[in-house]
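A.B. asks: Pasting a predicted model and its sequence here:
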Amino acid sequence: MNAVELAYEAAKERYAQIGVDTQKALEILGRTRISFNAWQFDDVKGFLKKDSAMSGGILSTGGYPGAAANPDQLRQDADMAFSLLPGKHKLSLQATQVDTSEQIDLDEIEPKHYEAYVEWAKERGIGLDFNPSCYSHPNSENGFTLSSRDPDIRSFWIEHCKRSSRVGAYFGKELGIQAVTNHWICDGYKDYPVDQEAPRRRLMESLDQVFASPVDQKLNLDTLESKLFGIGVEAYTVGSHEFYMMYAAKRNRSLCLDAGHFHPTEDVANKISSVMLFSQEMALHVTRPMRWDSDHVVSLDDATQSMLTQVVRGGWLERIHIGTDYFDGSINRISACVIGMRNSMKALLKALLEPTVMLQELEEQGDYTSRLSWLEELKTYPYAAVWDYYCYVNNVPAGMEWMREVQRYEKDVLAVR
Ligand SMILES: C[C@H](O)[C@H](O)[C@@H](O)C(=O)CO
Ligand SMILES: [Mn+2]
């Protein structure tokens, strides 16, 4: 046995002593797909309207060279990044990342405009997710889309969102992997509005039209993503958490909780069990807000660990769709994908290696002393040896060896774009 296998055997024995089966944990991890946000590769610019400035309260900063400028480069970068990830995953596309020579607008998208991505994903056993792009467009310039006062603007975005769900259903049907189409809108005010109700009423009515004839949710789950604020919408977002919580509950729709869309002191992990008590499915955007929703690369930090531990403890891995969402243009974008995805998987693995039943029994007995003692002790259990073994058996580099591959790619590919 080599060093990785020896370390794994020792870790396996250590975990077995507390009733944790490392092989089972790795099997579950191996069938858990995480959806990577493709807009990290193109700085959220898309390939549809080059002349639309970035707007909508989101922003990718940093001018690191080599961003994907077309669908072929995006798929090339995704191939490189995914080659360094253990397991099979998903790629989440923005509607603006359309792959067609046709001159179309967002209210004209059709499945055929994303066919090249389906063929690419099919060959690799990768799933695809979709996102209507309700931002950075002439029809979103005044800051409102589905909640706009202008009925023509609303109709444009209603049509875009309807078509987006159909693209998602096309992905689900063609790939045999349920897609998620996540609806987020940028609507809001920079300063405090007088009428806070009217925009939300319009949003409710627009969403009712978007979902009047919903696609088969087994092929494509439509999710609704709330937000607290953004650049230029600091005071009021129409699609707040409370709005979507109520809308989802009343209309039997699914939520997407984005870890960057709440007050910095809010514990997003603590929201999951409340949502799942009343929902069949939901989506998560794993990210790392810094001061605000600035969407930094996912770190293996307490917030990420808490969220994914809740997903595992609740037994919701089949019902919660885990995706990443961040856009850092200040570093090599392939490394951003690899770091964020590997950290998300490490957090899932640590959660799967927890002796949860034992901890729950201690809690039921009111033995909070032992509960805390174990929770702290488990933090230094050898999960990394299990992770390295998982990379090894999946033929991907463990440790920092993956960085050499990324540096070669940067020199050979990104530097000559
Ligand atoms: C580009 C995405 O639709 C966007 O990141 C959304 O998911 C979000 O989180 C906006 O802040
Ligand atoms: Mn998000």
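C.D. replies: That came through fine. Ligands and ions are numbered 1, 2, ... in the order given.
A.B. asks: what are the ranges of the strands in this structure?
C.D. replies: 35-37, 90-94, 127-131, 179-183, 188-189, 220-225, 236-237, 254-258, 282-286, 288-290, 292-296, 320-324 (DSSP state E).
A.B. asks: Switch those strands over to a markdown table; also include mean neighbour count.
C.D. replies: Where you see a C-beta, it was placed from the backbone N, CA and C, and this is true even at glycine. Shown next, in a markdown table, are the strands of the chain (neighbours: other CB atoms under 10 Å):
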| stretch | mean neighbour count |
| --- | --- |
| strand 35-37 | 27 |
| strand 90-94 | 26 |
| strand 127-131 | 26 |
| strand 179-183 | 27 |
| strand 188-189 | 22 |
| strand 220-225 | 24 |
| strand 236-237 | 21 |
| strand 254-258 | 24 |
| strand 282-286 | 27 |
| strand 288-290 | 17 |
| strand 292-296 | 21 |
| strand 320-324 | 25 |
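A.B. asks: Worst mean pLDDT among these?
C.D. replies: With a mean of 87, strand 292-296 has the lowest mean pLDDT of those.
A.B. asks: I'd say residue 211 and residue 252 touch.
C.D. replies: No: applying CB atoms under 8 Å, one finds residue 211 not in contact with residue 252, separated by 9.6 Å.
A.B. asks: okay, these two: which has more neighbours?
C.D. replies: Per other CB atoms under 10 Å, whichever of residue 211 and residue 252 has more neighbours is residue 211, with 19 against 13.
A.B. asks: how much space between the more buried one and residue 183?
C.D. replies: Here residue 211 is placed at a distance of 9 Å from residue 183 (CB to CB, to the nearest Å).
A.B. asks: Quick check: neighbours shared by the two?
C.D. replies: Residues touching both residue 211 and residue 183 by CB atoms under 8 Å, 6 or more residues apart in numbering: residue 222.
A.B. asks: Low-confidence regions, the protein specifically.
C.D. replies: Within the chain, the ranges that satisfy pLDDT under 70 run 49-52.
A.B. asks: Pick out the residue closest to the middle of it.
C.D. replies: Compute the mean C-alpha point of the chain, and by CA atoms, centre = their mean the closest residue is residue 323, 2.3 Å away.
A.B. asks: doesn't residue 285 make contact with that residue?
C.D. replies: Yes: using CB under 8 Å, residue 323 makes contact with residue 285 at a distance of 5.7 Å.
A.B. asks: Which neighbours do the two have in common?
C.D. replies: Shared contacts of residue 323 and residue 285 (CB under 8 Å, 6+ apart): 37, 182.
A.B. asks: Next, count neighbours for residue 367.
C.D. replies: Close neighbours of residue 367, defined as other CB under 10 Å, add up to 13.
A.B. asks: quick one: it from ligand 1, how far?
C.D. replies: Using CB to the nearest ligand atom, to the nearest Å, residue 367 is found at 40 Å from ligand 1.
A.B. asks: do stretch 269-288 and ligand 2 meet?
C.D. replies: Yes: using CB under 5 Å from the ion, we find that stretch 269-288 touches ligand 2 at residue 285.
A.B. asks: got the CA coordinates for that stretch in CSV?
C.D. replies: What follows is stretch 269-288, C-alpha atoms only, in CSV (Å, rounded to 0.1, in the frame of the first residue of the first chain):
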residue,chain,number,x,y,z
ALA,A,269,-27.7,26.9,8.0
ASN,A,270,-30.4,27.5,10.6
LYS,A,271,-32.9,28.3,7.9
ILE,A,272,-32.6,25.0,6.1
SER,A,273,-34.6,22.8,8.5
SER,A,274,-37.5,25.3,8.6
VAL,A,275,-37.7,25.4,4.8
MET,A,276,-37.4,21.6,4.5
LEU,A,277,-40.2,21.1,7.0
PHE,A,278,-42.6,22.6,4.5
SER,A,279,-40.9,21.9,1.1
GLN,A,280,-40.1,18.8,-0.9
GLU,A,281,-37.0,20.3,-2.5
MET,A,282,-34.9,23.5,-2.4
ALA,A,283,-31.6,24.8,-3.8
LEU,A,284,-28.6,26.2,-2.0
HIS,A,285,-26.0,28.6,-3.3
VAL,A,286,-22.8,28.0,-1.4
THR,A,287,-20.7,31.1,-1.5
ARG,A,288,-18.6,33.3,0.8
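A.B. asks: how near is residue 147 to ligand 1?
C.D. replies: From residue 147 across to ligand 1, the span is 16 Å (CB to the nearest ligand atom).
A.B. asks: Correction: the previous question concerned residue 21.
C.D. replies: Distance of residue 21 to ligand 1, given as CB to the nearest ligand atom: 35 Å.
A.B. asks: same deal with residue 219?
C.D. replies: For residue 219, the distance to ligand 1 equals 21 Å [CB to the nearest ligand atom].
A.B. asks: What is the neighbour count of the closest residue to that residue other than its chain neighbours?
C.D. replies: Using CB to CB, 6 or more residues apart in numbering and skipping the chain neighbours, the partner closest in space to residue 219 is residue 172 (3.4 Å). Using other CB under 10 Å, residue 172 has 25 neighbouring residues.
A.B. asks: Run a quick check on residue 172 versus residue 222, I expect a contact.
C.D. replies: No: taking CB under 8 Å as the definition, residue 172 is not a contact partner of residue 222, at 11.4 Å.
A.B. asks: neighbouring contacts of stretch 237-247?
C.D. replies: So stretch 237-247 is in contact with 57, 144, 147, 184-185, 187-188, 199-200, 203-204, 207, 224-230, 253, 255, 261-262, 275, going by CB under 8 Å, 6+ apart.
A.B. asks: That stretch near ligand 2 anywhere?
C.D. replies: No: on the criterion CB under 5 Å from the ion, stretch 237-247 is out of touch with ligand 2, staying 11.6 Å away.
A.B. asks: Could you do stretch 292-311 as well?
C.D. replies: No: on the criterion CB under 5 Å from the ion, stretch 292-311 is out of touch with ligand 2, staying 7.7 Å away.
A.B. asks: how long is that stretch end to end?
C.D. replies: In stretch 292-311, first residue to last residue: 24 Å (CA to CA, to the nearest Å).
A.B. asks: Does that stretch reach ligand 1?
C.D. replies: Yes: applying CB under 6 Å from any ligand atom, one finds stretch 292-311 touching ligand 1 at residue 293.
A.B. asks: And that stretch, what's buried?
C.D. replies: For stretch 292-311, burial by neighbour count (16 or more other CB atoms under 10 Å) applies to 292-299, 303-311.
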